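Engineer: Return atomic coordinates for the entry below.
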Amino acid sequence: MSDSRHSIRPFIACIVGVALFSAMDTVMKSASLAIGAYSAYFLRCLIGFVLIAPAWWLRTRKWPERHVLKVHALRGVVVAFMGWTFFFSLTRLPLAEAIALSFIAPLIALYLAAVLLGEKIERKAIIAALLGLAGVIVIVGGKIGREHMSGEATLGLIALLLSAVLYAWNLVLQRQQALLASPTEVSAFQNGVAVAVLLVGAPLMLQMPTSERVWFDLVAGALLAVTAVMFLSWAYARAEAQALVPLEYTAFLWAALLGWLYFGEKVTLSTIAGTALIVVGCLIATRRRPAHVESAAV
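Structural biologist: Alright, predicted model coming up:
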């Protein structure tokens, strides 16, 4: 009998989801530059919710149980601020550079798992964290070395690091949510809760688009995000997080290509070197231990 844990389909689904998210980041950077990160993200989540919520409700016609709603609500709040700070950083930093720095999230997730889930921090996690820190220093140091570090770039880096911490928390919640609900339900509540949270700032911060190009970017971003969430939710429900997390690093390749094609952004050697250190650290941290002989008979 085939075992879904050994199927290649979750890994393909994860790679596709990551690629779709990278394309979404590209169009959302364009929209954020036009109307601001808050407005772009709020409208993208609103459009995404309008697109996916009817599909979820018509399919299930059942409200989630209370314990599932708690997970939906918590992740939705985390995602609201994670997305806002990330898209803000994209307006101040090159796409590939921002994606590369966001790769420290899996390392932060290890320590959040220790705090939130009581897991023991192993020696390899400490080594991985040091490599990740070195990677960040190389990327940021390379940026400072080749150009004056403006106040805007500094704000972008601060926002990105905050987003990375929230993304790490999101990773801890992601598999739990995927095991409790269908991909359409996950996407519907992720967008819906984010809209509800961000709605508080709408009277003061919302700027409506005035051009068709921005609306196109927002609708495209919503479609890409909804589809990406469903692909990733499907994948994380069928494979362990530690097996899928390394595939997140393919995002750098997409970001480098799309950043060059759409914004003329060049990828520097320091960014590539720093990314390599961060990725190696994450691979060390997520490396599995050899299974015990007894488990093979289960």
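Engineer: Can you tell me the SS state at Gln207?
Structural biologist: coil (DSSP: H, G, I helix; E, B strand; the rest coil).
Engineer: make that Asp25, sorry
Structural biologist: Strictly by three-state DSSP, Asp25 counts as helix.
Engineer: That one and Thr91 touch, don't they?
Structural biologist: No - the pair Asp25 / Thr91 is not scored as a contact, 11.8 Å apart, by CB atoms under 8 Å. Where you see a C-beta, it was placed from the backbone N, CA and C, and this is true even at glycine.
Engineer: The two: who's more crowded?
Structural biologist: Ranked by neighbour count (other CB atoms under 10 Å), Asp25 and Thr91 place Asp25 first, with 26 against 18.
Engineer: give the contact list for the more buried one.
Structural biologist: By CB atoms under 8 Å, 6 or more residues apart in numbering, the contact set of Asp25 is Leu90, Leu95, Ile99, Ala255, Leu258.
Engineer: Verify the contact between the first one and Lys29 for me.
Structural biologist: Okay, so that is Leu90. Yes - Leu90 lies in contact with Lys29 (CB under 8 Å); the separation is 4.3 Å.
Engineer: Measure how buried the closest residue to Glu97 other than its chain neighbours is and give me the count.
Structural biologist: Closest residue in space to Glu97, ignoring its immediate chain neighbours: Thr271 at 5.4 Å, by CB to CB, 6 or more residues apart in numbering. For Thr271, the neighbour count with other CB under 10 Å is 24.
Engineer: Okay, and which of the contacts of Asp25 map to helices?
Structural biologist: Members of the contacts of Asp25 lying in helices (criterion: DSSP state H): Leu90, Leu95, Ile99, Ala255, Leu258.
Engineer: Got the confidence number for the closest residue to the fourth one other than its chain neighbours?
Structural biologist: For Ala255, the nearest residue in space outside its immediate sequence neighbours is Ile99; the separation is 3.9 Å by CB to CB, 6+ apart. You'll see Ile99 listed with a pLDDT of 79.
Engineer: do Ala55 as well
Structural biologist: 90.
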